[in-house]
Structures are given as structure tokens and as C-alpha cells.
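Engineer: Take a look and give me a structure for this.
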Amino acid sequence: MDIDFNKNEDHNKLLVSNLKKRLVKVKLGGGKSRIEKQHSKGKMTARERIDFLLDADKKSIEIGAFAGENMYTEHGGCPSGGVVVKIGYIKNKQCIVVANDATVKAGAWFPITGKKNLRAQEIAMENKLPIIYLVDSAGVYLPMQDEIFPDANHFGRIFRNNAKMSSMGITQIAAVMGSCVAGGAYLPIMSDEALIVDKTGSIFLAGSYLVKAAIGESIDNETLGGATTHCEISGVTDYKALDDKDALNKIASIIDKIGDYDKAGYNRTKAIQPTKNPEDIYGILPKARTEQYNMLEIIHRLVDNSDFEEYKEGYGKTILTGYARIDGWAVGIVANQRKVVKNGNGEMQFGGVIYSDSADKATRFIANCNQKKIPLVFLQDVSGFMVGSKSEHGGIIKDGAKMVNAVSNSVVPKFTIIIGNSYGAGNYAMCGKAYDPTLIAAWPSAELAVMSGNSAAKVLLQIEKASLLKKGEEITQEKETELYNKIKEKYDDQISPYYAAARLWTDGVIDPLDTRTWISIGIDAANHAPIEKPFNMGVLQV
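Structural biologist: Residues are numbered from 1 along each chain as shown. All right, here's what the predicted structure looks like:
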């Protein structure tokens, strides 16, 4: 191993260590004291409930672990968006589980909580996955009701999706394991089956205090909307559970009896580990985002048997395309090549930039994968499309549009892993969030933005200088450096993978070594939903 490999390895392992530390903090939710309070009531935490429900011998992935990070600080914060979402297996059946975290503001819904719940439902709807709701929430967070209540993709969309999923035949099971108040009361009752935990679970449109204020009736919450009331008088719920574990065992029993699903039929054989050590990724990926490296070396450490069958190897070299297997699943890989290469004319092409020939190759490959019903994996480390007169005269806009068209109209599952740069239109062409990837995750080394921190800071600095000069202010070299550093520091915060994950622009920040698991679980989910329409790219300026 050379010295650069060792430096890269140290740097990337530190990034992963930071990731794990942040996850430990996130998993505490509202903090240790609130967890203890939850336990004192005889209740499990959201994460304990999910872990008890999921098969312990099978892998799972968490969606949106960093949702809400460093947001709503003036309201005390909202770790993980106040709700935990995992895709895993219950009695060997893949499901998605959504659990309110009552240690975070009593499970109240912030704007990011609504967005995360909708993302969970979106995954269930797109992949026809059974979805389980573990309800323990005080309802909408009133100080921010204007940002969560009335719009198309706010709180009400949850119940609309309940109804849509029911009509699609997607299993929905809800367990009321704590508070379930006001509009939130509709979620469990719009599910196929609803359970309620005796003495700790309650459902009502208005609690006892509001009832007293509204109509003058004096009644306690248990009599108003507890388990006995809803299982024996109103008939609102279907099962009464003794405690959390009893409720979770009942859910597992119901899931165990669900019939098999129609499969999309994606190709899978026996999984084989990569022959090249995946941990080498830490040393291959450069410390500086401007440095070159060979993306093939990354691919060989992600795919089964380190076997990658390259498509159009000698053409459009700044994008790698080819077939492989990940955990046994057949995949088509589209990856940005980060090293400087020569094209067919012997001209140098910059790594991480999409040229016309690269876009053309990727378009053809994406079409082929759709034709063959092969899921697509995008490995992003892209600075954008090539600029300049030669590229413009060569039709880079047209070729880029063809690639975006192919990505947009793909009918096979798409999985996006942001390894390094994810800048500008390159993010779009390589299946960014706007292009509906089945799952999208970032490595700790990722950066998402219109352009790099250096480039953006220089542009913004010129604008700021011009504004100050208009006001008659003198700009010294010292002042210019101070302005530049201030602008770049702010911009660098915004291009962090954690900034993106907090806003659910990605489904998570992951250790590179977990990439195979994410893609495998994602394809298994997508296999629940047979393709219903043919691939059609529409009208193109070919």
C-alpha cells in the first residue's frame, strides 16, 4: 500500500467513525431521561419496538435516520424527525415499519415528520410492501401547524395514502401504543387492522380537557378512548393487547399468514462476496474531492465475485456502464469515472465530467437495462456536463437531455449511491432525488450542490464585492479573504451529506460497506411490484 492509500484510508475511516457517533446520538431520540420515562410507563421506545418486531436473523435498513438533524433548534430539535422508519423482515416477509418516537415532543408531528411519513408510504406504494404503523403521538406540533397541516403534501396526505394503499391491496396494520389524537386518530382506523394496548393506548378526536372545554362533559381519557372502550363498545379497534410485546407479537402473527405476492421477476442467483476486499474502498477514495481515482476499483469491491462486464468499454470513458450482480441480484451499473482519460480521438477528458459521448453511451445502456428488466445502480461522483464552445457545438445539451429522458422514463428500479461530488445537472442525469430512485443514499464523502464550495464561494464573493463597492466601501485583500471564508464556510455546511439527509434529499448517510445491503434490500422490495408499463422515451431530438 502506498502513502496516499494510507492517508485516504485514515481520512475515510474518520468520516465513517463520525457517522457512527452521530447515529449513536440520533438513536437516543429525546434523550436518556425521556427514554427512562417511557420505560417507567411500561412502554418500549420506538426503536425497541421495531427491533422486537423485525426478524433478528435478517438485515434491515433505516430510512431517514438523520431527518431533522440541526433543524427546529428554537423548538428543542427533532431527532430523526420524531419517527423511526425501517425496511426489514417479519416472519420472513419484507415490510416497512413506521414508529412514532414519543421521547421527541411526545411524538408530535413537525414538518419533517410529515415528510418522512410520506416517504415511508411512498416506498410502500411504489413497491407494494406491507406497512406497519406503531402509533404513539400527540398529533400536530401546534407552534408549526401552518407548515404541517393544510398543503398537498402535509399531514392530510397521510390519510389519503391510507385510502389509496387500501385500494391497491397493500397490507396496512396499525398498533396504538400510546396517544393517538385528533386527525391522527384516522391513521390506525384507515389501516386494514388496528390493535390497541390496554391502559397505555388511547384514541380520540378530542382528549378529556378539550371535551370539558367544548361541551362541558367530565370524563377521563381511558373511559373516553382506551382499549376497553374501543374494543368492546365502539368497535373502532380489532384487537386488545396486554402490553407492547403482546401487540407486536400479534402483528407478527397477522403478517405470518399473508399470502405470497406477485413478483416482478428480477434475476437473482446465489450471492457471492467480492473477491477484492471491500474495505479497500477507504484507501481508494481520495481525501481531496479534486483528486482522480479509478471508479472501476470501487465497483470491483461492491459487486459479486468482483465481476463487472463492461458495456462500450472504449467509448464515452467518463461514464462506466456494465452488468454485474450485487448479493446475487443482476444489476446494470452507471458510474462516473473519476480519472482523466482519452477519447477515441486521443483527446483528454476530465474525470467526473459528462461529455456527449458519455451521455450517449449511458442513454443506450439505460434503455438496454429497461429492455432486459435489469435494475439500475447509479454511482455518483459527478461535477456536471462539459462546457465550452466545442461541447455546445457538439450538442451536449441534446445528448444530456437524452440521458435525462432515459433516466426519467425508466420503469426498472433505480438505486442511487452518492460517493463523492453530486453537482448541478450531473445530479439530475445520474438519477438524483428528483428522478424517483427506489432508494438514494450518500457516503460520508458525498457533497450535494449546484457547484463545488470553491466555485460557488468565488461566484458569491464577486456578487458581494460588487454590492459593497456600490455602497462606497473599500475592499482590502484582508476584507476579501474574510468575506470568502465566511461565504465558503456557510456553503460547505449546505453541501454536507448530513444537511441533505436532514431534509430527506437522500434516504440516509451510510458506511460504504453497507452499500450492498441497501441495494439488495431495495431490489427485494422492488421485486414485490411487477412492472405495469413498457419503457418509452417519448419524443427525442435524436
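
Engineer: Am I right that Asp136 falls within a strand?
Structural biologist: Yes: assessed by DSSP: H, G, I helix; E, B strand; the rest coil, Asp136 belongs to a strand.

Engineer: Now do the contacts for it.
Structural biologist: Residues near Asp136 by C-beta atoms under 8 Å, 6 or more residues apart in numbering: Lys43, Ala46, Ala99, Asn100, Asp101, Ala102, Gly107, Val176, Met177, Gly178, Ser179, Cys180. C-beta coordinates here come from the backbone N, C-alpha and C atoms, glycine included.

Engineer: Grab the nearest non-local neighbour of the last one.
Structural biologist: Just to be clear, that refers to Cys180. Among residues not flanking Cys180 along the chain, Ile203 sits closest, at 4.4 Å (C-beta to C-beta, 6 or more residues apart in numbering).

Engineer: In terms of helix, strand or coil, where does the one you found fall?
Structural biologist: Assignment for Ile203 (three-state DSSP): strand.

Engineer: swap in the one 10 residues further on?
Structural biologist: Using three-state DSSP as the criterion, the local structure at Ala213 reads helix.

Engineer: can you pull out the strands in the stretch 101-250 of the chain?
Structural biologist: Under the criterion DSSP state E, counting those that start in this stretch, strands of the stretch 101-250 of the chain are mapped to 131-137, 172-181, 193-197, 202-204, 239-241.

Engineer: for the stretch 401-542 of the chain, same thing?
Structural biologist: Under DSSP E, counting those that start in this stretch, the stretch 401-542 of the chain gives strands at 414-423, 439-442, 447-449.

Engineer: could I get those as JSON lines with distance to Ala429 and mean neighbour count?
Structural biologist: Converted to JSON lines, the strands of the stretch 401-542 of the chain look like this (distance: least, C-beta to C-beta, whole Å; neighbours: other C-beta atoms under 10 Å):
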{"stretch": "strand 414-423", "distance to Ala429": "11", "mean neighbour count": "26"}
{"stretch": "strand 439-442", "distance to Ala429": "14", "mean neighbour count": "25"}
{"stretch": "strand 447-449", "distance to Ala429": "14", "mean neighbour count": "21"}
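
Engineer: Which of those has the lowest mean pLDDT?
Structural biologist: Of all these, the minimum mean pLDDT falls on strand 447-449 (a mean of 90).

Engineer: Check which helices and strands that strand is in contact with.
Structural biologist: strand 414-423, helix 497-502 (3 or more C-beta pairs under 8 Å, 6 or more residues apart in numbering; DSSP states H and E).

Engineer: Can you check which of these gets nearest to Leu118?
Structural biologist: Of all these, it is helix 497-502 that lies closest to Leu118, at 16.1 Å by C-beta to C-beta.

Engineer: tell me what the closest one is packed against?
Structural biologist: Applying 3+ C-beta pairs under 8 Å, 6+ apart, we find helix 497-502 packed against strand 439-442, strand 447-449.

Engineer: Run through who's touching that helix.
Structural biologist: Helix 497-502 has contacts (C-beta under 8 Å, 6+ apart) with 22, 64-71, 112, 418, 442-448, 493, 506-509.

Engineer: got it, and stretch 167-175?
Structural biologist: 124-125, 128-135, 162, 165-166, 187-197, 201, 241, 247-248, 250-251, 254-255, 258.

Engineer: that older thread, now the strands of the stretch 101-250 of the chain in CSV, with distance to Lys93 and mean pLDDT?
Structural biologist: Output for those, formatted as CSV (distance: least, C-beta to C-beta, whole Å; pLDDT from 0 to 100):
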stretch, distance to Lys93, mean pLDDT
strand 131-137, 11, 96
strand 172-181, 12, 93
strand 193-197, 15, 96
strand 202-204, 27, 91
strand 239-241, 19, 96
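
Engineer: which one of these lies closest to Ile319?
Structural biologist: Of all the strands of the stretch 101-250 of the chain, strand 131-137 sits nearest to Ile319, with 36.1 Å by C-beta to C-beta.

Engineer: That closest one: which residues count as buried?
Structural biologist: Residues of strand 131-137 classed as buried: Ile131, Ile132, Tyr133, Leu134, Val135, Asp136, Ser137 (neighbour count, 16 or more other C-beta atoms under 10 Å).

Engineer: want to try CSV for those residues, with distance to His11 as columns?
Structural biologist: Formatted as CSV, the buried residues of strand 131-137 follow (distance: C-beta to C-beta, whole Å):
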residue, distance to His11
Ile131, 39
Ile132, 40
Tyr133, 41
Leu134, 39
Val135, 43
Asp136, 41
Ser137, 41
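
Engineer: what's the closest of those residues to Glu392?
Structural biologist: Nearest to Glu392 among the buried residues of strand 131-137, counting by C-beta to C-beta, is Ile131 at 47.7 Å.

Engineer: Report the contact partners of that closest one.
Structural biologist: Contacts of Ile131 (C-beta under 8 Å, 6+ apart): Cys95, Ile96, Val97, Val98, Ala120, Gln121, Ala124, Met165, Ile170, Thr171, Gln172, Ile173.

Engineer: So it versus Lys41, what's the distance?
Structural biologist: 26 Å (C-beta to C-beta, to the nearest Å).

Engineer: swap in Glu474?
Structural biologist: For Glu474, the distance to Lys41 (C-beta to C-beta) stands at 64 Å.

Engineer: neighbour-wise, which of those two wins?
Structural biologist: Lys41 (10 against 7; other C-beta atoms under 10 Å).

Engineer: Return the set of buried residues in stretch 458-465.
Structural biologist: For stretch 458-465, using 16+ other C-beta under 10 Å, the buried residues are Leu460, Leu461, Glu464, Lys465.

Engineer: try stretch 179-192
Structural biologist: So, applying 16+ other C-beta under 10 Å, buried residues of stretch 179-192: 179-182, 184-192.

Engineer: ok, back up a step: just put the contacts of Asp136 in JSON lines and tack on distance to Glu279.
Structural biologist: Listed next are the contacts of Asp136 as JSON lines, based on distance: C-beta to C-beta, whole Å:
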{"residue": "Lys43", "distance to Glu279": "40"}
{"residue": "Ala46", "distance to Glu279": "32"}
{"residue": "Ala99", "distance to Glu279": "33"}
{"residue": "Asn100", "distance to Glu279": "37"}
{"residue": "Asp101", "distance to Glu279": "33"}
{"residue": "Ala102", "distance to Glu279": "39"}
{"residue": "Gly107", "distance to Glu279": "39"}
{"residue": "Val176", "distance to Glu279": "45"}
{"residue": "Met177", "distance to Glu279": "40"}
{"residue": "Gly178", "distance to Glu279": "42"}
{"residue": "Ser179", "distance to Glu279": "45"}
{"residue": "Cys180", "distance to Glu279": "46"}
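
Engineer: Tell me the one among those residues nearest to Asp436.
Structural biologist: Ala99 (25.2 Å).

Engineer: Burial check on that closest one, number of neighbours?
Structural biologist: Ala99, neighbours per other C-beta under 10 Å, totals 26.

Engineer: And the one 3 residues further on, by the same measure?
Structural biologist: Counted with other C-beta under 10 Å, the burial measure for Ala102 works out to 27 neighbours.

Engineer: Hmm, it is touching Ile35, no?
Structural biologist: No: the pair Ala102 / Ile35 is not scored as a contact, 9.8 Å apart, by C-beta atoms under 8 Å.
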